[in-house]
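Q: Sequence unavailable; structure follows:
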């Protein structure tokens, strides 16, 4: 299949059944690099068939007029990039990824299963970077995954936007933490602190954020509790 016959175009509603088929075939062929598909073919076709193409960018790749791959970009996320195994090595994935970069020149993120080493290598060779690993508790397959990113034409601005998003979430969590610290005071016999519990909290956080380590997180926990208790006395 020569790459000079590769065609890329925005998908239409008529293409959605073919896109669902590509997804199912790729997921089946990718086991065990990817965990087995947990949805039935009928469920996948119903889901893909219901896509609102005004809300997401969906592109189809064709070789010799036959659908062989697709991508889905929504907001600042590359949600899907799938290529049939028989079309691998013909530049289809690279061409689709270039489309995604053109659609989102400011950068985008994606999730890839940690076990999917071929996909991770593909993205890394094309300028994407690893951001964070998870234990998979938030995905349907419950399989560890990795957030990757293409930082776009202005990486500093891209990473600062991501930091701003995290800071917003952190602010909400700190507000909740302070409110709970205030509420629990009415149920304590005295105002003394519990060093053992604080170390347990730090250890639990260290399991979720190993890059920071137990010692740093112990200091962070100490500061959060200190300031939350101080704020509680002012309410």
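A: Great, that's in hand. Here the structure is a predicted model, which is why all the values come from computation and not from measurement.
Q: For the helix ranked longest in the chain, enumerate the helices and strands it packs against.
A: Criterion DSSP state H: the longest helix present in the chain is helix 155-184. Identification of packing neighbours for helix 155-184 by 3 or more CB pairs under 8 Å, 6 or more residues apart in numbering; DSSP states H and E yields helix 213-233. The way it works is simple: take the backbone N, C-alpha and C, and place the C-beta from them, glycine included.
Q: How is the closest residue to residue 79 other than its chain neighbours assigned, secondary-structure-wise?
A: Using CB to CB, 6 or more residues apart in numbering and skipping residues adjacent in sequence, the residue nearest residue 79 is residue 72, 4.4 Å away. Counting by DSSP: H, G, I helix; E, B strand; the rest coil, the backbone at residue 72 sits in strand.
Q: got the contact list for residue 72?
A: 56-58, 78-81 (CB atoms under 8 Å, 6 or more residues apart in numbering).
Q: Okay, and the beta partners of it?
A: Per DSSP bridges, the residues bridged to residue 72 are residue 58, residue 80.
Q: how near is it to residue 26?
A: 13 Å (CB to CB, to the nearest Å).
Q: What of residue 92?
A: Distance from residue 92 to residue 26, by CB to CB: 12 Å.
Q: okay, those two: which has more neighbours?
A: Neighbours were counted for residue 92 and for residue 26 using other CB atoms under 10 Å; residue 92 has more, 24 against 20.
Q: my guess is the more buried one meets residue 68, correct?
A: Yes: if you go by CB atoms under 8 Å, residue 92 and residue 68 touch, sitting 5.9 Å apart.
Q: How many neighbouring residues does residue 147 have?
A: Neighbours around residue 147, by other CB under 10 Å: 16.
Q: Secondary structure of it: a strand, I assume?
A: Yes: counting by three-state DSSP, residue 147 is part of a strand.
Q: Let me see the contact set for it.
A: Contacts of residue 147 by CB under 8 Å, 6+ apart are 109-111, 130-134.
Q: make it 10 Å
A: 77, 109-112, 129-134, 162 (CB atoms under 10 Å, 6 or more residues apart in numbering).
Q: Three-state assignment for the closest residue in space to residue 49 that isn't next to it in sequence, please.
A: Using CB to CB, 6+ apart and skipping residues adjacent in sequence, the residue nearest residue 49 is residue 16, 5.1 Å away. Three-state call for residue 16 (three-state DSSP): helix.
Q: My read is that residue 16 contacts residue 56, right?
A: No: using CB atoms under 10 Å, residue 16 is not in contact with residue 56, being 11.6 Å away.
Q: buried set for stretch 200-207?
A: Buried residues in stretch 200-207, counted by 16 or more other CB atoms under 10 Å: 201-202, 205-206.
Q: I am finished for the moment; much appreciated.
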